[in-house]
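In: what shape does this take:
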Amino acid sequence: MAGATAAKVRVLPYKDFLQPALQRRFATSGLVILVIAYLEALLLASWNSFLWAWFPLGPAGIRTFFLFICGVLIIILRIAQHHPGVRTTSSPFATFLDSLRSFNTLETILTYAISAWGFSQVYLWCVSEEAGLEYISYYHADRARLNEKAVFLTTHCVLVGVWHGIRHLAGDIDRLTYGIAKPQNADGNANADDGDSNTQLQKLAQKLPEIMVFTMTQALTSTTATMVVYSLFLRGFIWRTTMAFLRPIYNLPKTNMTPQTLPFSLAIILRCLWVSMLLTFVWTTANTAFSLFLVKNPLKNNKPLTSESKDPNGSLLNGLKAKKLSIKCFAMWELAYIARDFPDRRKAIYEDIDRKNGSMWSQVYKICIDTLKEIETRIDNYNKYGKPTVPTPDLITEQPKVPEKKRLTQTTPKEGDVFQPPSPRRGFMEAVERTVAQVATAPGQPSQLSPAAKKVVEYAKDELIKAQKQATGTEDTEGLAKDFATKFLESPFGWPFRQSYRRRIAKVVLGEPYGEPSLYANAAFALSGLAVKSLQEDKYGNVQRDVAGLVRTLTGLVRKIEKFKGEVGVHWTDTENKRESQEADEILEALRWSLRGLLEGFGVYAKELRLSLGDLRMAREAAGVEEPEGEMEMEMVYGRRFR
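Out: Predicted coordinates for the structure are as follows:
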């Protein structure tokens, strides 16, 4: 059998099949960048000679090589920092704080800045002498001077790189969105997007107009911002630094005085716009191509990646057990494809019963169920520890009486209702009262204030309240602060501090610091597909023993996620008040479709599977399936009447 055969051969790790596939996809992304670099090299050519302007083994090839390096730096950065899943921090500001402590932040900004600097040098090398963009110009015989136009263009490119590095981090461009192998009946176009090379190329071609619009917008914005930042903050520093660096080489003047006029001529502004467009187009296309090609489906020659292994099931198990999230996502995605499209591999899973640590099906079932139950565990932990619990008076138990100790000083009991909540202005006034009382009471004396001191305290409180009312028009300090905070959060500057409903749900359902919804969706589809197909293909009947537990697990998980979504309220900082969670809805949709498939396939065998009427009723409610009508159908299921 397959298990006995597997015991005699070495089981190759899943990454041995995944890494070659990822390398081919990286090469495809690099080829796209190479084509763009060659086209931009043609745009930068002087066209003095028709042959050498485009011939790859001449200046055009050299320009292409250096432009390709500028683009491939971004691809290398993506390889080093790519991750599956969304960031599950509570707010954008929390993400910013996490980024400050990460080396990836510095690496990202430096990579973009170096790429931009290299691009600027290639551009300055390609322009003609009539453009006047050389670093050193000569006047009065052989006297050299620094050309600020070239310095400004280089600074502009570097600042564009810094901006795009920050945008790269803020937009989480390093995220890879994995696909889901939906069942054939999940929707009308379930198999339209299988992630093959032709589909990915078509997607890239469809995104080109969007990339062009984004490129022009960024070029206009960045050029305007660079002119302001350079003239107000950076001009003197960059001029002195460049002079100090080039003075020993070109014998520049010893003075560091900046030129009297700014280098903002119409020609240099247009050139900055043009360079920004070329540079942004390379970066944006590189990121888009990488994000599309690296998440192609886990197939090779229309077969699962592990098909070439001597022990396909063992290699797939290694991927499902991997600790690295990206490898586990690919392996789970492949398992869902096998459950949907590959009968031979499904039969190999059913018939592999002699494997170490249990049959192949039992190990797959446990891994997928444990993956799905991670959501349930996180929700339970949040409900238990994530919310502050305030004991109600009815639940407070009476404490045993302890002998009262004799007080050294007498205390004055608080007058009025001690259970009355403080007024809105008490938060500020209590601090004033404590301060005035401490001043009015002599050290070592009882805490009781004298009548004169009481009058002083009351007078001070009244004067403070009057001053606040004249300044703000209200005595409600707490309400005034809350109104100010709300207005700030509604402004564009308050966006980083909003804790949206979607982020709060994703943080619990998906886990921290990243969570990938496709992992759980593919796990549900894989189990459901393997279970339903086992009716015709599992000759040993091992799968049917776990169907009842699978139905109950999926039902409980759907109910728990739905209940959790209803219980989590909108945070006070979330001014948009949108109760939407795309990631949780995506998982719920997969769980419901999986339940429907199980009910359709095993509904008539409910009695044999030991599924009670309550189990079926809850499963139908969770899956969104209507209850069966009439007693005849119940009789078909259970063989007896229920009244």
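In: for the rest of this, base every contact and every neighbour count on C-alpha atoms.
Out: OK.
In: need the nearest residue in space to Leu325, chain neighbours excluded.
Out: Pro84 (7.0 Å; Cα to Cα, 6 or more residues apart in numbering).
In: identify the bridge partners of that neighbour.
Out: Legend: beta-bridge partners of Pro84 under DSSP bridges are Leu176.
In: distance of it relative to Gly171?
Out: Using Cα to Cα, to the nearest Å, Pro84 is found at 14 Å from Gly171.
In: so between these two, which is more surrounded?
Out: For the pair Pro84 and Gly171, the greater number of neighbours falls to Pro84 (21 against 10), based on other Cα atoms under 10 Å.
In: OK, contacts around the more buried one?
Out: By Cα atoms under 8 Å, 6 or more residues apart in numbering, the residues touching Pro84 are 175-178, 325-326, 514-516.
In: okay, it: pLDDT?
Out: Note for Pro84: predicted pLDDT of 90.
In: what sits against Leu305?
Out: Leu305 sits next to 17-18, 298-299, 334 when contact means Cα under 8 Å, 6+ apart.
In: what does Phe66 give?
Out: Each residue near Phe66 by Cα under 8 Å, 6+ apart is listed here: 118-119, 122.
In: and it, what helix or strand is that in?
Out: Per DSSP states H and E: Phe66 is located in helix 59-81.
In: and the strands in the chain, which stretches?
Out: Listed in chain order, the strands found in the chain under DSSP state E are 83-84, 86-87, 136-139, 143-146, 175-176, 299-300, 303-304, 514-515.
In: contacts for stretch 534-550?
Out: With contacts defined as Cα under 8 Å, 6+ apart, stretch 534-550 is touched by 346-347, 350-351, 361, 369, 531, 609-611.
In: ok, now with 7 Å
Out: 347, 350, 531, 609-611 (Cα atoms under 7 Å, 6 or more residues apart in numbering).
In: likewise for stretch 508-519?
Out: With contacts defined as Cα under 7 Å, 6+ apart, stretch 508-519 is touched by 84-89, 178-180, 329, 332, 375, 378-379, 583, 586-587.
In: for ChimeraX, write the select line for the buried members of these.
Out: Of these, the buried ones can be selected in ChimeraX as follows, counting by 16 or more other Cα atoms under 10 Å:
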select :84,85,86,87,88,89,178,179,180,329,332,375,378,379,583,587
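In: among the contacts of stretch 508-519, which lie within helices?
Out: 329, 332, 375, 378-379, 583, 586-587 (DSSP state H).
In: in the helix ranked longest in the chain, what's buried?
Out: When the chain is parsed with DSSP H, its longest helix is helix 197-229. Neighbour-count burial for helix 197-229 flags 199-201, 204, 211-212, 215-216, 218-220, 222-223, 226-227 (criterion: 16+ other Cα under 10 Å).
In: with stretch 132-141 instead?
Out: Residues 133-136 are the ones in stretch 132-141 that count as buried (16+ other Cα under 10 Å).
In: kindly report the same for stretch 619-630.
Out: 619-623.
In: can I get those in JSON lines including pLDDT?
Out: Converted to JSON lines, the buried residues of stretch 619-630 look like this (pLDDT from 0 to 100):
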{"residue": "Ala619", "pLDDT": "93"}
{"residue": "Arg620", "pLDDT": "93"}
{"residue": "Glu621", "pLDDT": "93"}
{"residue": "Ala622", "pLDDT": "93"}
{"residue": "Ala623", "pLDDT": "91"}
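In: which one of those is nearest to Trp572?
Out: Lowest distance from Trp572 to the buried residues of stretch 619-630 (Cα to Cα) belongs to Ala622, with 30.7 Å.
In: what residues are up against the closest one?
Out: Counting by Cα under 7 Å, 6+ apart, Ala622 has contacts 555, 558-559, 592.
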